[in-house]
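Engineer: sequence first, predicted model second:
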Number of protein chains: 2
Amino acid sequence: MKVNVGIFGATGMVGRELIKVLFERKFPIEKLRLYASERSVGKMLETPTGKITVENANTADFSELDIAFFAIGGGWPETNASKAVEAGCFVIDNSSTFRYDDRVPLVISEINPNAIGDSKLIANPNCSTAIAAIPLWQIYKNFGLKKVIISTYQATSGAGNGGMQELQEETRKVLDGEAAGCKIFAHPVAFNVIPHIDAFQENLYTREEMKVVWETRKIFGDQNIPISCTCVRIPTMRAHSESIVVETEKEIKPEEIRKIFEKTDGIVVKDDIENNIYPMPLTSSTKYDVEVGRIRQNLIFGEHGLEFFVCGDQILKGAALNAVQIGELVLKKF
Amino acid sequence: MKVNVGIFGATGMVGRELIKVLFERKFPIEKLRLYASERSVGKMLETPTGKITVENANTADFSELDIAFFAIGGGWPETNASKAVEAGCFVIDNSSTFRYDDRVPLVISEINPNAIGDSKLIANPNCSTAIAAIPLWQIYKNFGLKKVIISTYQATSGAGNGGMQELQEETRKVLDGEAAGCKIFAHPVAFNVIPHIDAFQENLYTREEMKVVWETRKIFGDQNIPISCTCVRIPTMRAHSESIVVETEKEIKPEEIRKIFEKTDGIVVKDDIENNIYPMPLTSSTKYDVEVGRIRQNLIFGEHGLEFFVCGDQILKGAALNAVQIGELVLKKF
């Protein structure tokens, strides 16, 4: 059985990666159609099965599609998701529009595939959430989670192609002794650290920080997990890192959880300190699996605590790959 | 009263900054002498009072000096500190050689100036410790500390001039499409994150991580403070950032501690999120004060918890400035 697939926002960073991942994973595509905003209409995009002309996302006929991947921000998903669903099309939305809507499942295939149920609209989680959730779920299931404290090291790809381009251009300027500027980020990002991603909330946390809290709880189906997060932009390209400390309900041993991680889909354990092997953007970029390492007993919570470091490709597990994995779950509905 | 001052390791990154800071702070110098390893002997270094010829550190006559700043690593301080002290010279050592020796005071002037006592040898703390300790001390004194969890974002200056140079050279290579290498760091640092600074210990923490634990406890004079730390190298030049979560004994309000920080020597509060003002390497580099911001109630510990972000110049408060401040305390002994 093959399906008609549409990618909305096909010219963007996540859109382009969606095309790649769909083909890499041999998604059973009958016909692939690409959509974007008006200014990209008519553009030709390379795909493994030849060039495809970009169509206007605003005038798409969703009844011609079986599965639509939404990778457009702003108000667009709000307006178009219900149209698509009413036309009988499954929608996998990469934006945060529906993530906190109780009626819309928020899915990571390794964790809560059954949450999809009968919904034709499925939300894809935030990048930092998706990357941390895979190891956290194993701890939650096997040892219980009493506390989760996260500090992130987020790549510029989180702000799209423009973010990565800004990092490169501004870095070159700084190296050439020129003043660094900024358009996409609130401050120059080259050789800098910006503890600010997305808008500040009333509780003084950023929305990016609260996304990790809200989404992890929703995906795990447990509103009571205490989580706190600091989200920080750093001058890297496309893989996010996270320093994670947990307190567990049951006693937890590093060797024990390491063995569990080694058997977990979506995780590759990089934890051989004698050979300087640990998670890094350098090794996790462009990879599907989330790297987990620096696994050790936390010094505060003792045998009920663990400290570890994760690294995952923001565009893949943090966006396009997880969306395609949701698509693979949706295929079973046909 | 003026004193004869010697800087050992004068040609290095910290040595050069020591010269600058001594003059900026109008240290009462009778005569300044500069020492380094044999290969730098005879070199002329610029100082605000003219050029000074570098002498051989290994053949220094410490009886000609009142205060010696040691900024040389390896086994050098071990061999030379007692010689200097026996010759009647005060030694302020920037290495980790004596920091964990109970007989040697480890001092941050804003926290434990009286720890110097009668010792003629005083140790200067690790950079990450010094930067975090200033705000942590205010919390400890006013609210008590039940738990401290730190994740660092450390600049390449922590590995000296060579570290900063490697970042610049390798960054340029990556931008030009060439393969990045590494000499000083365990992996290429350009556009990368390396969760590994200093040697791994038996408990799977790095020595850099344990330094923060050991030194904070020693400086605060309380071996019972539960602290855990993850130390991470990132591609920035000379200011370290740290994401810090604390649980306090007494209730703590962000507004309350913000007011205390505002009155604390060595801290500048950068916490005006409406105007995108928070601590950053961009603004804290080359500054004496440690920037503190993103101050908010921690979501897990509630009214007994705080989360904040600090940023401080690794070469200044993390090394040269703190050493000179110790020197200013030592002056009172003459």
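Structural biologist: Sure thing, it's come through.

Engineer: going forward, measure contacts and count neighbours with C-alpha atoms only.
Structural biologist: OK.

Engineer: can you get me a residue count around A:Glu202?
Structural biologist: 8 (other C-alpha atoms under 10 Å in any protein chain shown).

Engineer: same deal with A:Glu242?
Structural biologist: A:Glu242 has 25 nearby residues by other C-alpha under 10 Å.

Engineer: show me what from the stretch 51-200 of chain A comes close to chain B.
Structural biologist: A:Lys147, A:Ser151, A:Gln168, A:Arg172, A:Leu175, A:Ala186, A:Phe191, A:Asn192, A:Val193, A:Ile194, A:Pro195, A:Phe200 (C-alpha under 8 Å from any C-alpha of the partner chain).

Engineer: narrow those residues to those in helices?
Structural biologist: A:Gln168, A:Arg172, A:Leu175 (DSSP state H).

Engineer: export the residues you listed to JSON lines and tack on pLDDT and neighbour count?
Structural biologist: Compiled in JSON lines, those are given as follows (pLDDT from 0 to 100; neighbours: other C-alpha atoms under 10 Å in any protein chain shown):
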{"residue": "A:Gln168", "pLDDT": "98", "neighbour count": "22"}
{"residue": "A:Arg172", "pLDDT": "97", "neighbour count": "19"}
{"residue": "A:Leu175", "pLDDT": "97", "neighbour count": "16"}
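
Engineer: out of the residues of the stretch 51-200 of chain A next to chain B, which are buried?
Structural biologist: For these, a neighbour count by 16 or more other C-alpha atoms under 10 Å in any protein chain shown gives the buried set as A:Lys147, A:Ser151, A:Gln168, A:Arg172, A:Leu175, A:Phe191, A:Asn192, A:Val193, A:Ile194, A:Pro195, A:Phe200.

Engineer: which non-adjacent residue is nearest the second one?
Structural biologist: So that's A:Ser151. A:Thr230 (4.8 Å; C-alpha to C-alpha, 6 or more residues apart in numbering or on different chains).

Engineer: quick check, nearest of the buried ones among the residues of the stretch 51-200 of chain A next to chain B to chain B?
Structural biologist: Distance to chain B, by C-alpha to the nearest C-alpha, is smallest for A:Phe191 among these, at 4.3 Å.

Engineer: so where do the helices sit in chain A?
Structural biologist: Going by DSSP H, chain A shows helices at A:13-24, A:76-86, A:127-143, A:160-175, A:207-220, A:254-262, A:281-284, A:321-331.

Engineer: what angle do the first one and helix A:160-175 make?
Structural biologist: Using axes from the mean of the first three to the mean of the last three C-alpha atoms, to 10 degrees, the interaxial angle of helix A:13-24 with respect to helix A:160-175 works out to 120 degrees.

Engineer: picking that back up, let me know the closest of the residues of the stretch 51-200 of chain A next to chain B to A:Ala81.
Structural biologist: A:Ala81 lies nearest to A:Phe200 out of these, by C-alpha to C-alpha, at 27.0 Å.

Engineer: quick check: the nearest residue to the closest one once chain neighbours are set aside vs A:Ile131, distance?
Structural biologist: Using C-alpha to C-alpha, 6+ apart and skipping the chain neighbours, the partner closest in space to A:Phe200 is A:Thr206 (4.2 Å). Going from A:Thr206 to A:Ile131 by C-alpha to C-alpha, to the nearest Å gives 18 Å.

Engineer: neighbour count winner among the two?
Structural biologist: Neighbours per residue (other C-alpha under 10 Å) separate A:Thr206 from A:Ile131, with A:Ile131 holding more: 32 against 21.

Engineer: the more buried one against A:Glu291, yeah?
Structural biologist: No - counting by C-alpha atoms under 8 Å, A:Ile131 does not reach A:Glu291; the two are 9.0 Å apart.

Engineer: common neighbours of those two, please.
Structural biologist: A:Val310, A:Cys311, A:Gly312 (C-alpha atoms under 8 Å, 6 or more residues apart in numbering or on different chains).

Engineer: for the second one, name its beta-bridge partners.
Structural biologist: In this structure, A:Cys311 bridges to A:Ser241, A:Glu291 when assessed by DSSP bridges.

Engineer: please flag which of the residues of the stretch 51-200 of chain A next to chain B sit within strands.
Structural biologist: Here DSSP state E is the test, and these give A:Lys147, A:Ser151 as lying in strands.

Engineer: tabulate the residues of the stretch 51-200 of chain A next to chain B (CSV), appending distance to A:Gly117.
Structural biologist: As requested, these are exported to CSV (distance: C-alpha to C-alpha, whole Å):
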residue, distance to A:Gly117
A:Lys147, 29
A:Ser151, 33
A:Gln168, 43
A:Arg172, 49
A:Leu175, 53
A:Ala186, 40
A:Phe191, 46
A:Asn192, 44
A:Val193, 41
A:Ile194, 39
A:Pro195, 38
A:Phe200, 34
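
Engineer: which bits of the stretch 201-334 of chain A sit near chain B?
Structural biologist: Residues of the stretch 201-334 of chain A lying near chain B (C-alpha under 8 Å from any C-alpha): A:203-205, A:226-228, A:230, A:234-237, A:241, A:243, A:273-274, A:276, A:278-282, A:294-300, A:309.

Engineer: now, of those residues, which are buried?
Structural biologist: When these are checked against 16+ other C-alpha under 10 Å, the ones flagged as buried are A:205, A:226-228, A:230, A:234-237, A:241, A:243, A:273, A:278-282, A:294-300, A:309.

Engineer: name the nearest residue to A:Ser63, sequence neighbours excluded.
Structural biologist: Per C-alpha to C-alpha, 6+ apart, closest to A:Ser63 is A:Ala87, 4.8 Å.

Engineer: doesn't A:Asp66 make contact with the one you found?
Structural biologist: No - in this structure, A:Ala87 is not within contact of A:Asp66 by C-alpha under 8 Å, at 9.4 Å.
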